[in-house]
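Asks: Provided below are the primary sequence and the corresponding predicted coordinates.
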Amino acid sequence: MFNKFFLTIIFITAVNLSAQIETYKWQPNEVDYRLNIPVAKEYKIITSNFSTLLISFCQAVYYSVFSEYDGDNCPFHPSCSAFFVESVERTNIIEGGLMFADRFTRDINFFKGYNSYPLHFTGRFYDPVYKYKLLPLTELVELIKSEND
Amino acid sequence: MILTIVNQAQDNVFLSIENRLRFGDFLFCDNDYLRAIDEYKIVLKNKESDMLKFKIALAYQELKKYNESENSFKELFSSQQFANEAKFEYFRTLYLSDNFEMMDKLIKDDSFIDASTSKEIKKLYNLKHLYSQFHIEDSSDFFDPFNDKESVELLKYFIRKQNIENKSPAFAAVLSAVVPGLGKVYTENYGDGITAFLLTGVLTFLAIDNFNAEHDFRGWLFTGLAAYFYSGNIYGSATSAQLFNAGARITFDNDLQLFLNKNNHFIPNNNLFCK
Amino acid sequence: MQVVEDSESAFIKKMKNTIYILILFICQITFATDELARQYEYADKLFNKENYFEAITEFKRLSFFDEKNVYAYESNYKIGIAYKYGGFYDNAIQYLSHSIRETENFEKKIQSQFQIIRCNILRKTTDRALQLLNQLEEDSKYENYKNEIYYWKGWSFMISDRWDSASQSFANISEDHELKILSEQIYNEKYSVTFARVISYILPGAGQFYTGNYLSGFMSIAWNVLWGYLTINSFIENRAFDGVVIGSLLWLRFYSGNIQNAEKLAVQKNIETANTALLYLMENYRGEKP
């Protein structure tokens, strides 16, 4: 009798007090049992213009020949080479190049832990390209805020 | 008599207007707003009621469906019973959805603001202007709508807002142009500054060394690299100053948000419908 | 005579009236319970049609008007299950716990308890599910439900990628249980991450060959041979400084990189293997699913 009482108590206290509020009329959903596959490779060829094609091709070669086999060294997400490709894609080859030079300098800084980079869920420092595009301040604040939400 | 029984038995008593209303009220107070709206809408088809329209609008506000909420509140502006409440809640919806333009427009519109709610509306308007992206032009009447105790608490944030640290990206870039890495030190990224200084220094030394040893190709290679990282550092110092500014603003805004949520935005919480 | 008749008819009239009122009264009572039954039937019909959102509305309506809590267990239980199908597991667990409180029937309580456990499995909070299952297992009252306990334990292990524990749990039910065979097979198919690491320590690239990534294995061994050759060559030619630099900066980097690469590939292959089994469970498995 005591056990039964005890068990009932346990099951009842299992209640999560913050109820989920429904905001739309949902349909039954299919449950996905599968596990998440960690990101396998971080490169793809981007053909939007010549400079991105060149840079992303170089990255693909660098990644598949070199970077795969010299260990997991980059503390940032996105990794330095992916950062380079993305910054060239989003701006131009000159500005992207400058952004990469800056990122490289920050990467070889031994004390980067003291900079307050936010942590990405992969456990790396999250350091996205848009933060280094010299956007107007209010726009930058809005972007970072919307990402935090 | 038998007829009435048969009649009653044919349509479901639970779906009668009164019962739908009762059930809707229960759902509304049980935070099940989506279903409450459905019940209220069916009741409204049979019975005109401004209170229900008002509650539907509130429910939309709770569900963060601000467009629907705004439209529903607008319909009530001409209502006898709920006009002022609706106007205030409409303003609150604009506040919650960050619709600054509309807030600005309404605060200048005398026909919109009624004496009974003007204080609350002013409060919300002023609180929104405490966020970092706004500039408070006339600080003399900022504290007018608040009482003494509230003013004291707000004053802390008011002063903090005036003193948010600002680093000039242009100045950081100039500093880095003079001494590589100095701009980064200025924006308090000391490690990055020292690294940039060492990197450009080493590359420049290698360039000079190679030129002296008459290795011209290597000399030019290292010159190019040094120039590349030198200019990258100037660019990086500007972005780093900007990130510093953005970070200071975001920290302030987050603190302010927490503070305001804790104090329910200084609006008295008179729950009309649920106990 | 006339007077008697009159008084009689008056009496009969009175009786008739009272009978009518009585009938009406009885009707009202039966009618209320009748209405609840009809509401339950209607809600249940929606539930069976898999129209879960509407079904929840109707069950909530039922339990709101059901002042004597006649249908309290059924409505709470069904609301919980409907929320489960919609993926609102917190709400589901909340209503299922309510349903446990609303009944004295042991069978019904257990039914709700198992549903809470299944919600936890689906929510991927399998630790919580296992904790609850272990408590049930230790309790002698649940002697008759051992198989079910083992079954859901097995599911919890499968969802949390612990296939050998899963196969042991299903083996408690029966040695040739379909899921026992499946999880045993997956467990055997999976590569040992430790083994992949260890053989990569001994021979660079071996871990990649073990997991079937021949290109990666070849690249790893090639890089290590190259840097190893250059390092040793430097020492042979008495260029000790070059040897130390190449050895520490490049050879060591690629040597430890090769081990990390072997581990990464093994983990990746294992997840792919597990996902084939989980996909089978999602799409083709005919038995009871959480």
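Replies: That came through, no problem.

Asks: show me where chain B has helices.
Replies: Using DSSP state H, the helices assigned to chain B run over residues B:2-10, B:17-29, B:33-46, B:50-62, B:66-75, B:83-96, B:100-107, B:118-128, B:148-162, B:169-178, B:182-186, B:190-212, B:216-262.

Asks: Highest mean neighbour count out of these?
Replies: helix B:182-186 (a mean of 24; mean count of other Cβ atoms under 10 Å in any protein chain shown). All C-beta spots, glycine's among them, are computed from the backbone N, C-alpha and C.

Asks: Could you give the separation of it from the chain centroid?
Replies: Distance, stretch centre to chain centre, for helix B:182-186: 32 Å (Cα atoms, centre = their mean, to the nearest Å).

Asks: do stretch A:70-77 as well
Replies: When C-alpha coordinates are averaged (Cα atoms, centre = their mean), stretch A:70-77 and its chain have centres 14 Å apart.

Asks: At the contact with chain B, which residues of chain A appear?
Replies: Contact residues (Cβ under 8 Å from any Cβ of the partner chain) of chain A with chain B: A:19, A:21-25, A:95, A:97-102, A:104-106, A:108-112, A:114-116, A:131-135, A:137-138, A:140-141, A:144-145, A:148.

Asks: Of these, just the buried ones, PyMOL syntax please.
Replies: Selecting only the buried entries of these in PyMOL, with 16 or more other Cβ atoms under 10 Å in any protein chain shown as the criterion:
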select buried, chain A and resi 19+22+95+97+98+99+100+101+102+104+105+106+109+112+115+131+132+133+135+137+140+141+144
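
Asks: who's in contact with stretch B:85-96?
Replies: The contact list for stretch B:85-96 (Cβ atoms under 8 Å, 6 or more residues apart in numbering or on different chains) reads B:54, B:57-58, B:61, B:64, B:66, B:69-70, B:73-74, B:76-77, B:79, B:102-103, B:106, B:112-114, B:117, B:120-121, B:124-125, B:127-128, B:265, B:267.

Asks: Residue numbers of the stretch 1-150 of chain B in contact with chain A?
Replies: Taking Cβ under 8 Å from any Cβ as the test, the list of the stretch 1-150 of chain B residues beside chain A reads B:31-35, B:62-65, B:132-133.

Asks: So of these, which two are at opposite extremes in space?
Replies: Within these, two members stand farthest from each other by Cβ to Cβ: B:35 and B:132, at 39.3 Å.

Asks: can stretch B:203-219 be found next to chain A?
Replies: No - using Cβ under 8 Å from any Cβ as the criterion, no contacts between stretch B:203-219 and chain A are found, and the smallest distance is 11.3 Å.

Asks: meant to ask about stretch C:162-173, not that
Replies: No - residues of stretch C:162-173 contacting chain A under Cβ under 8 Å from any Cβ: none, with a closest distance of 11.8 Å.

Asks: List the buried residues for that stretch?
Replies: C:162-163, C:165-173.

Asks: what does the model give the nearest residue in space to residue B:65 that is not next to it in sequence for pLDDT?
Replies: With sequence-adjacent residues excluded and distances taken as Cβ to Cβ, 6 or more residues apart in numbering or on different chains, residue B:65 is closest to residue A:23, at 7.4 Å. In this prediction, residue A:23 carries a pLDDT score of 89.

Asks: Name the SS class of residue A:23, please.
Replies: The three-state label for residue A:23, taken from DSSP: H, G, I helix; E, B strand; the rest coil, comes out as coil.

Asks: Contact partners for it?
Replies: Contacts for residue A:23 were tallied using Cβ under 8 Å, 6+ apart; they are B:34, B:63-65.

Asks: so where's chain B uncertain?
Replies: Along chain B, segments meeting pLDDT under 70 span B:1-11, B:270.

Asks: what residue is smack in the middle of chain C?
Replies: Centroid-nearest residue in chain C, with Cα atoms, centre = their mean: residue C:121, separated by 2.4 Å.

Asks: I'd like to know how far the residue positioned nearest the centre of chain B sits from residue C:127.
Replies: Chain B has residue B:98 as the residue nearest its centroid, 5.8 Å off, counting by Cα atoms, centre = their mean. Remark: distance between residue B:98 and residue C:127 (Cβ to Cβ, to the nearest Å) = 40 Å.

Asks: again, but for residue C:194
Replies: When distance is defined by Cβ to Cβ, residue C:194 is 24 Å away from residue C:127.

Asks: repeat for residue C:103
Replies: As defined by Cβ to Cβ, residue C:103 lies at a distance of 28 Å from residue C:127.

Asks: need the next SSE after the worst-scoring helix or strand of chain A on mean pLDDT, C-terminal direction.
Replies: Within chain A, judged by mean pLDDT, DSSP states H and E, the helix or strand with the poorest mean is helix A:2-13; its value is a mean of 52. Under the assignment DSSP states H and E, the closest C-terminal helix or strand after helix A:2-13 is helix A:50-65.

Asks: Averaged pLDDT, that next one. What do you get?
Replies: The predicted confidence, averaged over helix A:50-65, sits at 88.

Asks: list the helices and strands the following helix or strand past it packs on?
Replies: Later in the chain than helix A:50-65, the nearest helix or strand by DSSP H and E is strand A:76-77. Applying 3 or more Cβ pairs under 8 Å, 6 or more residues apart in numbering or on different chains; DSSP states H and E, one finds that strand A:76-77 makes contact with strand A:125-126.

Asks: List of residues touching the next helix or strand after the strand it packs on?
Replies: Note on strand A:125-126: by DSSP H and E, the next helix or strand toward the C-terminus is helix A:137-148. For helix A:137-148, the surrounding residues in contact (Cβ under 8 Å, 6+ apart) are A:128, A:130-131, A:135, B:132-133, B:242-243, B:245-246, B:249-250, B:253.

Asks: Relative to chain A, which residue of the stretch 101-250 of chain B is the closest?
Replies: Chain A sits closest to residue B:232 of the stretch 101-250 of chain B, with a gap of 2.3 Å, by Cβ to the nearest Cβ.

Asks: Help me confirm that that residue comes into contact with residue A:95.
Replies: No - contact between residue B:232 and residue A:95 fails when scored by Cβ atoms under 8 Å: they sit 10.4 Å apart.

Asks: Can you give me the neighbour number for residue C:287?
Replies: 9 (other Cβ atoms under 10 Å in any protein chain shown).

Asks: what are the phi and psi angles of residue B:48?
Replies: phi -70, psi 130 (degrees, to the nearest 10).

Asks: Could you count how many residues lie near it?
Replies: Here the neighbour count serves as a burial measure; for residue B:48 (other Cβ under 10 Å) it reads 8.

Asks: residues touching it, list them.
Replies: When contacts are taken as Cβ under 8 Å, 6+ apart, residue B:48 is in contact with no other residue.

Asks: which residue packs closest to the closest residue to chain C within chain A, ignoring adjacent ones?
Replies: With Cβ to the nearest Cβ as the measure, residue A:71 is the residue of chain A nearest to chain C, at 3.2 Å. When the adjacent residues along the chain are set aside, residue A:71 lies closest to residue C:257, with 3.2 Å between them (Cβ to Cβ, 6+ apart).

Asks: How much space separates the one you found from residue C:208?
Replies: Separation of residue C:257 from residue C:208 (Cβ to Cβ) stands at 12 Å.

Asks: Looking at those two now, which is surrounded by more residues?
Replies: residue C:208 (27 against 22).

Asks: phi, psi of the more buried one?
Replies: Taking degrees, to the nearest 10, you get phi -70, psi -40 for the backbone angles of residue C:208.

Asks: Break chain C into its domains for me.
Replies: Structurally, chain C divides into domains by automatic domain parsing as follows: C:1-123, C:127-189, C:193-281.
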